[in-house]
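Asker: Need coordinates for the below:
(chains A and B)
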Amino acid sequence: MAMMAPFLKFGAFGEPASLVVAFIIGISFGFWLERAGFGSARKLVSQFYLNDLAVFKVMFTAIVTAMLGVTYLSWAGWLDLSLVYLVPTYLAPQVVGGLVLGVGFVVGGYCPGTSMAAVATGRLDGLAYVAGILAGTLAFAEAFPWVKGFYNVGPLGAVTIPGSTGLPYGVVVFAVVLMALGGFYGASLLERRFAASAGESR
Amino acid sequence: MKDWLWTRTLNERLALLALVLGLVAVAATPYRGGRAVVDAKDLTAEIAAGHGRVTPLELADWIIQDREDFRLIDLRSEAEFQRYHIPTAENVPVERLGELAIGHQEKVLVYAASDLPAAQAWLVLRSQGYRGVSVLDGSLGRWNDEVLFPVIPDGQGAAVQADAGKLRAVCAFFGGRPRIGGRDAVGFAAPLALPAPVAAPPAPKAGGKAPAVKKKEGC
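Answerer: Below you'll find the model as predicted:
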């Protein structure tokens, strides 16, 4: 049988080799984050001032690229989508977690991945941020017995848009592409507007 | 048209490509569908070699040893499952077989009320490329005969006694009742009552494994 993905679940390589693969993917993820300019807190935070929406555009581009890739690969029979791991949904804990991460992002100027890219390029604020991540992780682990109840509240399992709306998979794909293209257009309008007003206020 | 395309910026051309790919993808059906391909020769060889079969006593051993490297799937209806099922089994009624999410290397053992539905389900799963699927040989009938209500050999000799002792222990573990007296099975008058269902593991919903450990992923 021809090689099929996901490779680990089809036994193309074992657990130790999977760590090497994860390392390569992780390094390449960090490399491209840095190349997109995301090793700089200024660049990242300017998306919240709406004068540079590169983060939004890069992330949404990645989503659309991955989505189209996954769709076509599995359509061609090279990928078994039912074996791809989906993060289970826990609505309330994930909303709270998202807000905590968002506040940390605005205050610290990084998100976990970009802070690593910042450290790799020798930025001290990135180093402080990573120290904060480690301290926060430790605090969370120590406090886990108290937050455990909330952490596991409302498990919804692996939720997908086609699965919960009944829309055909391909229609959702197309809708997300349209959403992204609309978002890119809107983002460029916002950038023009807020870059202009930022210039005036100076 | 060609001139128009090449005077666009790279971003605009990429956006156009995404739009076209998205439009074509409307027709895409990426999830495992109804079609499956079987290597008949491969499968025949497997059947001839007797692969993919586990006897009730082997399964009983696995459960007693608390082995966790396999999943036991009960293909009967929910009502039958509630009445009695082999400990550690998950209920996936045969009509929901398509929603069963298993890894391609995962070891899965299926059983039903009798051999035929279990073997049919085995064929369906094997044809979908799941290599680790086995059938409980004799299904629930043989499980009853050999594990829950085994005929304990009566005879002298250390070997026979040891066998009898082991059978009794296995039978007691699963809450069954041995039949004493060998072939003519004279040991019991009361109708055989199935043991009360053990506390079932939280039956994972088909289509997704039990919400186990959360994995951390993100940017």
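Asker: what about stretch B:81-96, near chain A?
Answerer: No. Looking at stretch B:81-96 against chain A by C-beta under 8 Å from any C-beta of the partner chain, there are no contacts, and the closest approach is 14.0 Å. All C-beta spots, glycine's among them, are computed from the backbone N, C-alpha and C.
Asker: List the buried residues for that stretch?
Answerer: Of the residues in stretch B:81-96, B:81, B:84-94 count as buried by neighbour count, 16 or more other C-beta atoms under 10 Å in any protein chain shown.
Asker: From the opening residue of that stretch to its closing one, how far?
Answerer: The first and final residues of stretch B:81-96 sit 14 Å from each other (C-alpha to C-alpha, to the nearest Å).
Asker: returning to what we had before: let's have the buried residues of stretch B:81-96 in a markdown table, adding pLDDT and secondary structure.
Answerer: Output for the buried residues of stretch B:81-96, formatted as a markdown table (pLDDT from 0 to 100; DSSP: H, G, I helix; E, B strand; the rest coil):
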| residue | pLDDT | secondary structure |
| --- | --- | --- |
| B:81 | 92 | helix |
| B:84 | 91 | coil |
| B:85 | 92 | coil |
| B:86 | 92 | coil |
| B:87 | 91 | coil |
| B:88 | 91 | coil |
| B:89 | 93 | strand |
| B:90 | 91 | strand |
| B:91 | 92 | strand |
| B:92 | 90 | coil |
| B:93 | 91 | coil |
| B:94 | 88 | helix |
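Asker: Nearest to residue A:66 among those residues?
Answerer: Within the buried residues of stretch B:81-96, the smallest distance to residue A:66 is 30.8 Å, found for residue B:92 (C-beta to C-beta).
Asker: give the contact list for the closest one.
Answerer: Contact partners of residue B:92, counting by C-beta atoms under 8 Å, 6 or more residues apart in numbering or on different chains, are B:73-75, B:99-100, B:206.
Asker: And residue A:38, which helix or strand is it part of?
Answerer: In this structure, residue A:38 sits in neither a helix nor a strand according to DSSP states H and E.
Asker: which residue sits closest to the closest residue to chain A within chain B, ignoring its sequence neighbours?
Answerer: Chain B approaches chain A most closely through residue B:22 (3.1 Å), counting by C-beta to the nearest C-beta. Of all residues beyond its chain neighbours, the one nearest residue B:22 is residue A:177 (3.1 Å), with distances taken as C-beta to C-beta, 6 or more residues apart in numbering or on different chains.
Asker: From the chain's centroid, how far away is the helix of greatest length in chain A?
Answerer: If each helix of chain A is counted by residues according to DSSP state H, the longest one is helix A:169-201. Helix A:169-201 sits 18 Å away from the centroid of its parent chain (C-alpha atoms, centre = their mean, to the nearest Å).
Asker: try stretch A:125-145
Answerer: When distances are taken as C-alpha atoms, centre = their mean, stretch A:125-145 is centred 19 Å away from the chain's centroid.
Asker: do it and chain B meet at all?
Answerer: No. Judged by C-beta under 8 Å from any C-beta, stretch A:125-145 stays clear of chain B, getting no closer than 9.8 Å.
Asker: Buried ones in that stretch, by neighbour count?
Answerer: Of the residues in stretch A:125-145, those with enough neighbours to count as buried (16+ other C-beta under 10 Å) are A:125-126, A:129-130, A:133.
Asker: in its sheet, what does the helix or strand of chain B with the lowest mean pLDDT sit against?
Answerer: For chain B, the helix or strand with the lowest mean confidence is strand B:179-180, at a mean of 77 (criterion: mean pLDDT, DSSP states H and E). Each strand paired with strand B:179-180, and its direction, by DSSP bridges: strand B:151-152 (parallel).
Asker: Tell me the helix or strand right after the strand it pairs with.
Answerer: In the C-terminal direction, the helix or strand that comes right after strand B:151-152 (DSSP H and E) is helix B:158-173.
Asker: how is chain B carved up into domains?
Answerer: According to automatic domain parsing, chain B comprises the domains B:40-139, B:149-184.
Asker: Lowest average pLDDT across those?
Answerer: Taking the average pLDDT of each of the domains of chain B, the minimum falls on domain B:149-184, with a mean of 80.
Asker: what about it, distance to the chain center?
Answerer: From the chain centre to the centre of domain B:149-184 is a distance of 28 Å (C-alpha atoms, centre = their mean).
Asker: And stretch A:112-119, by the same measure?
Answerer: Per C-alpha atoms, centre = their mean, the centroid offset for stretch A:112-119 relative to its chain is 13 Å.
Asker: Also stretch A:4-19?
Answerer: 23 Å.
Asker: ok, so what distance separates the most centrally placed residue in chain A from residue B:120?
Answerer: Central residue of chain A (C-alpha atoms, centre = their mean): residue A:59, 6.9 Å from the mean position. Using C-beta to C-beta, to the nearest Å, one obtains 47 Å as the distance from residue A:59 to residue B:120.
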